[in-house]
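K.L.:
my questions are about this predicted structure, shown below with the sequence.
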Amino acid sequence: MTAKVLIVDDELAIRDALGRKLRREGFDVTLAGDGLEGLRVFHTERPDLVVLDIVMPEMSGLIVCARIREVAETPVMMLSAQAVTEEDIIEGLNAGADEYLVKPVRLNEFVARIKALLRRAQMASPGVEAGYNDGYLSVDLQRRHVHVDGQKVHLTPTEFKLLIVLLENAGRVVSQRELLEQVWGPEYVDDVYYPRVYISQLRRKIEPDPASPIYILTEHRVGYRFEKQGKYSHNSHK
Amino acid sequence: MNATTLTLLLNGLTLAFALGLLVLVLWQDSRSAANRYFALFVLMVAIWSAGSLLGRAAAYTGGERAVIRLGLRLLDFGYVGSSLALYVYAVIVTGVRGRLFRLVSTASLAIILAYVFFLVFVVETSRPFEVTDAGLLSYRYGTSETALFLALHAVTMFIVWRYRAKIKARGLTVGILMVCAGHILTLISPRLLVLGTAEDVSALATLIMTYAIVRHQIMVPLLGRAKQLEAVRDVGLAISSRLRLNETLAAIAAQAAGLLGADGAAIYLKRGDTLKLAAVFNMPAQFVGIETRVGEGIVGTVAVEVRARRLDHYGRDWTGTPDLPLARETFGAVLCVPLVFGGEVVGVLLVVQGQQGGLFDPEDLRLLELLGPQAAVAITNSRLFEAERELLTDLAVAKRQLEAVLTSTENPVIAVDRRLRVLFANPAASTLLHTEIDPVGQSLTDLVPRQFLPGNVRTVLRDLRSRRAHVYEVTVHNHTYLCHVAGLGRPHPEGWVVVLNDVTELKELDRLKSQMIQMTSHDLKNPLQAAMSYMELLIEDGQAAFTSDMEDYVEAVWSQLSRMYRLINSILDLERAGGGRRVSEECDLAALLGRVAVDMAMPAREHHVTLDLHIAEALPPISGDGQQLSQAFANIVDNAIKFTPAGGRVDIYASTNHAEVQVDVRDTGIGIPEDELPHVFERFYRGKQRAAPTVSGSGLGLALVKVVVESHRGRVFLTSAPEKGTCVTVILPAAAGALQGLPDAKKGLP
């Protein structure tokens, strides 16, 4: 199957060059020159993956990303020339991006990351059978649905993958390196701030109190551990 | 007749009385030359009178001519002797004698006496005489004798009259003048000679003189004790009532001069090897400040000998360097005493008479020696006081200067005591505190909102202990201040002082710089992204069609684009390391170095350089930003590889003493010339690289290393020998918890 990729960048030369490379790799590519156009194209074309420049006239990539997140869990790759500090990158990830690349990026790496991101989004998790349900948090693997206290929450593909990896290893400590390898892919092992950012994002979505987590616990200096909760441990009922 | 007998009787009695008093004087002070000569004079007068008495009595009673002759011989002897003795005595008491006077006078006196003795007793040429009808003895002097004695007495009178000011006892002057006048009268008038007027007058004068001497040498000093006590008391008063040394000394000088009736006085102060004239009385004021070396002049000599000196005539008796300008020409008698305190000479007191002034006697010397210690105490006291006041003045000046500096500085400065009460706040601080009232004495916690004080007191104390200063940032009224806290008082802290630096502008500049860098990098990166992407597409598409020349061109363009890419990334890395919040996590340095070694293995192989990592022991964790540290170590290793010729080695060594971790990166490369060593950590610095002209780089690699290492409170330094290699050493402190954690970790081992 041919994956459809939307590239939103105000620099014609960049979106053209990246588009050509992706077409050459067999992707179906759509281009957009600014944020608004990008959103419009997103709604009409329903791409499998969006590449977003951050600094754009009219509407910044961060806003575009947030708008997309309101309606879909489509993987989003941020592409920025602006990024200087880790905070900038984290800000991008917090807006809902799954990936953050800093310009200039080499074409081969760009393609590899696109592929990895698509793989992460589409890959079903084979190890876990039934999912998880303790009355407060429920995870439906087949339909990729997550409910918290009866409410459906939207998780990005990366967040969902992260939750599944932790669930598979419930009760056991998963190291940062393991997480990077299993969630993002072996080429990401040095991007150590990815798990930190996504864990906090995930906690914000599923923990009753993100400041004192009960599901996803931090094992200092080692990694993270998912702790299953008893049915009665929350005052909520179905 | 009766009158004559009576006169003679009176004569005898007067003489006896005078002799009695003379004994008293000699007993009191026989060492004085004047007294000895006076004694001689009185003896001679006695002999003279005795001879006269004998002769006249014999003549009067019609006695033997031989007896009269004997009387006349005694009379002659006494007459000559007394005349000479009187002359010598007059010269001594007026102090007009020359330098060889004593020798000459004694010798001539001896010769003359011997001659007269010879004439009178041995040759027995008797003076012709006759006895008058009235029984009076009549005799005559020869013309030459008369002239000689007239001259002698005239000279004696002249000396005494001319220098009468030098003789303190007025009776003495009167006596001498009386004797001389008597002599002269009898020499002129034979009638008086026959009557023996000279003897009568002399006897009376002798009595007067003796009385004057006794009065002057014994009674006056005794009566003067009270005066001395008064003088000492006055000096004491001068000491206690005047605080300035110069005033005290001037008062002492005036006291000394007044006490001795001297014309002038001066006080020298001894400091080290010089004597400085500090105060004068009745002397030119411009003399003050004149310096004399110890050992020079009479004051210098006195300071060395620590013994008083008394001169009758300075110009004549002092052969050394003159003490003051015109001293030789103007000084008469001089008295000079050392001022001693605690066994040490602190100064010299010099009292002088003018050339026309009187002489000093031993009594004056004693009096001065009595004043001396008082003056010395005064000098020492005043010096101590002066020194203390000088110290206080210096302190006050220093305080004023410090206050001026603190007041005028725009940086707020606040000092507080241990209980945070304000001890000092400069105007800038008061403005900042918005306090209308004087903040001194108030508690800082009342004046300043809590958030402006350092958050964690324990951190502050630890910083003060280890680094002597704690720095934190505070934002007040849109101004950002960097607060430097330092301890006040050592070794025991009495409080703290806070200096605030307004860094608002710097912060703004820094922000603008960061913004500038971000924008620049953005504007540079977009074209670069496009250019690189199209180049990659071109390379992919053109592979078949390219000639080898074209491939070279493409290669060249690609390498330039890569260089630009690296340069922009280096600038951004540096910006990221220098500014922004630092991520703080516990880093496993061994693993980090392992990854660096793996990453750099590829470039090392390309350069045909062997890269090895040596970690001998377990390293404690480091608290910091692992990514930045990796980047820093990668830069070091990358540099080492670049500057090491093919076949060389690059070795990474890591070791620890548990408080710190040391990482050495050694290479066998081309090394760095010594003159370039201080610059290698500067931004955009690239050495001349004579041996490696082909190596490319941004000149930012080591700058980043320095920024990263220092932001981790570490140190980095570099040693190098050209042609031998370079060693970059990085020392990082272990994470705070690492030390405590260590024993537990060991316990946990099986």
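P.N.:
Alright, I've got the coordinates. Every value quoted in this text rests on a predicted model; they were computed, and no experiment measured them.

K.L.:
other SSEs contacting the helix or strand of chain A with the lowest mean pLDDT?
P.N.:
Among the helical and strand segments of chain A, the one scoring lowest on mean pLDDT, DSSP states H and E is helix A:86-94, with a mean of 76. Contacts defined by 3 or more CB pairs under 8 Å, 6 or more residues apart in numbering or on different chains; DSSP states H and E place helix A:86-94 against helix A:61-71, strand A:76-80, strand A:99-102, helix A:193-206. In this view, the C-beta of every residue, glycine as well, is placed from N, C-alpha and C.

K.L.:
now, of those, which is deepest in the fold?
P.N.:
strand A:76-80 (a mean of 26; mean count of other CB atoms under 10 Å in any protein chain shown).

K.L.:
would you mark the buried spots in the least confident helix or strand of chain A?
P.N.:
A:86, A:88-94 (16 or more other CB atoms under 10 Å in any protein chain shown).

K.L.:
looking at those, which is nearest chain B?
P.N.:
residue A:86 (6.3 Å; CB to the nearest CB).

K.L.:
picking up where we left off before, among the helices and strands packed on helix A:86-94, which is nearest residue B:681?
P.N.:
strand A:99-102 (26.2 Å; CB to CB).

K.L.:
tell me the mean pLDDT for the helix or strand containing residue B:367?
P.N.:
Assessed by DSSP states H and E, residue B:367 sits inside helix B:362-408. In this model, helix B:362-408 has a mean pLDDT of 82.

K.L.:
next: stretch B:85-98.
P.N.:
Mean predicted confidence for stretch B:85-98 is 78.

K.L.:
buried residues, that stretch. List them.
P.N.:
B:85-97.

K.L.:
same check, this time on stretch A:176-196
P.N.:
A:176, A:178-180, A:182-185, A:188-189, A:191-196.

K.L.:
now stretch A:158-171
P.N.:
Of the residues in stretch A:158-171, those with enough neighbours to count as buried (16+ other CB under 10 Å) are A:158-167, A:169.

K.L.:
CA atoms of that stretch as CSV?
P.N.:
What follows is stretch A:158-171, C-alpha atoms only, in CSV (Å, rounded to 0.1, in the frame of the first residue of the first chain):
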residue,chain,number,x,y,z
THR,A,158,3.7,7.3,19.7
GLU,A,159,1.9,7.7,23.0
PHE,A,160,-0.2,4.6,22.4
LYS,A,161,2.9,2.6,21.4
LEU,A,162,4.6,3.7,24.6
LEU,A,163,1.7,2.7,26.7
ILE,A,164,1.5,-0.7,25.1
VAL,A,165,5.3,-1.3,25.6
LEU,A,166,4.9,-0.4,29.3
LEU,A,167,1.8,-2.6,29.6
GLU,A,168,3.5,-5.6,28.0
ASN,A,169,6.2,-5.3,30.7
ALA,A,170,3.8,-4.4,33.6
GLY,A,171,5.5,-4.8,37.0
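
K.L.:
distance of residue B:733 from residue B:471?
P.N.:
18 Å (CB to CB, to the nearest Å).

K.L.:
next up, the contacts around the spatially closest residue to residue A:55 that is not a sequence neighbour.
P.N.:
Using CB to CB, 6 or more residues apart in numbering or on different chains and skipping residues adjacent in sequence, the residue nearest residue A:55 is residue A:82, 5.3 Å away. Going by CB atoms under 8 Å, 6 or more residues apart in numbering or on different chains, residue A:82 touches A:54-55, A:88, B:518, B:521-522.

K.L.:
ok, of those residues, which one's closest to residue B:682?
P.N.:
Among the contacts of residue A:82, and counting by CB to CB, the member closest to residue B:682 is residue B:521, at 21.2 Å.

K.L.:
helix, strand, or coil at that closest one?
P.N.:
Put simply, residue B:521 is helix when judged by DSSP: H, G, I helix; E, B strand; the rest coil.

K.L.:
dump the residue contacts of it.
P.N.:
A:81-82, A:84, B:568, B:571-572.

K.L.:
out of those residues, which two sit at the greatest distance?
P.N.:
It's A:82 and B:571 that sit farthest apart of these, by CB to CB, at 13.9 Å.

K.L.:
what ranges do the strands span in the stretch 451-600 of chain B?
P.N.:
B:470-476, B:479-488, B:495-502, B:585-587 (DSSP state E, counting those that start in this stretch).

K.L.:
quick check: which of these is nearest to residue B:311?
P.N.:
Using CB to CB, the nearest of the strands of the stretch 451-600 of chain B to residue B:311 is strand B:479-488, at 62.7 Å.

K.L.:
buried sites along that closest one?
P.N.:
Quick answer for strand B:479-488 (16+ other CB under 10 Å): B:480-488.

K.L.:
same check on stretch B:666-679?
P.N.:
B:666-672, B:676-677.

K.L.:
helices or strands next to the longest helix that chain A contains in the packing?
P.N.:
Secondary structure of chain A per DSSP state H: the longest helix is helix A:107-122. Helix A:107-122 sits against helix A:12-24, strand A:49-53, strand A:76-80, strand A:99-102, helix A:157-168, helix B:504-542, with contacts defined as 3+ CB pairs under 8 Å, 6+ apart.

K.L.:
list the buried residues for it?
P.N.:
For helix A:107-122, by 16+ other CB under 10 Å, it's A:107, A:110-111, A:113-114, A:116-118, A:120-121.

K.L.:
surely residue B:672 meets residue B:727?
P.N.:
No - Residue B:672 lies out of contact with residue B:727 (CB atoms under 8 Å); the separation is 10.6 Å.

K.L.:
separation between the closest residue to residue B:656 other than its chain neighbours and residue B:13?
P.N.:
Nearest residue to residue B:656 in three dimensions, chain neighbours excluded: residue B:619, at 5.2 Å (CB to CB, 6+ apart). For residue B:619, the distance to residue B:13 equals 125 Å [CB to CB].

K.L.:
helices along the stretch 201-350 of chain B, start to end?
P.N.:
B:220-241, B:245-260, B:297-305, B:314-317, B:327-330 (DSSP state H, counting those that start in this stretch).

K.L.:
so how far is chain A from residue B:21?
P.N.:
Distance, residue B:21 to chain A, using CB to the nearest CB, to the nearest Å: 117 Å.

K.L.:
same check, this time on residue B:703
P.N.:
Counting by CB to the nearest CB, the gap from residue B:703 to chain A is 17 Å.

K.L.:
may I ask which helix or strand encompasses that residue?
P.N.:
Assigned by DSSP H and E, residue B:703 falls in helix B:701-711.

K.L.:
other SSEs contacting that helix?
P.N.:
Packing partners of helix B:701-711 (3+ CB pairs under 8 Å, 6+ apart): helix B:548-578, helix B:626-642, strand B:715-721, strand B:725-733.

K.L.:
reformat those as JSON lines; add mean neighbour count.
P.N.:
Listed next are the helices and strands packed on helix B:701-711 as JSON lines, based on neighbours: other CB atoms under 10 Å in any protein chain shown:
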{"stretch": "helix B:548-578", "mean neighbour count": "16"}
{"stretch": "helix B:626-642", "mean neighbour count": "23"}
{"stretch": "strand B:715-721", "mean neighbour count": "16"}
{"stretch": "strand B:725-733", "mean neighbour count": "21"}
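
K.L.:
for chain A, which of these is the nearest?
P.N.:
Checking those against chain A by CB to the nearest CB gives helix B:548-578 as the closest, at 5.6 Å.
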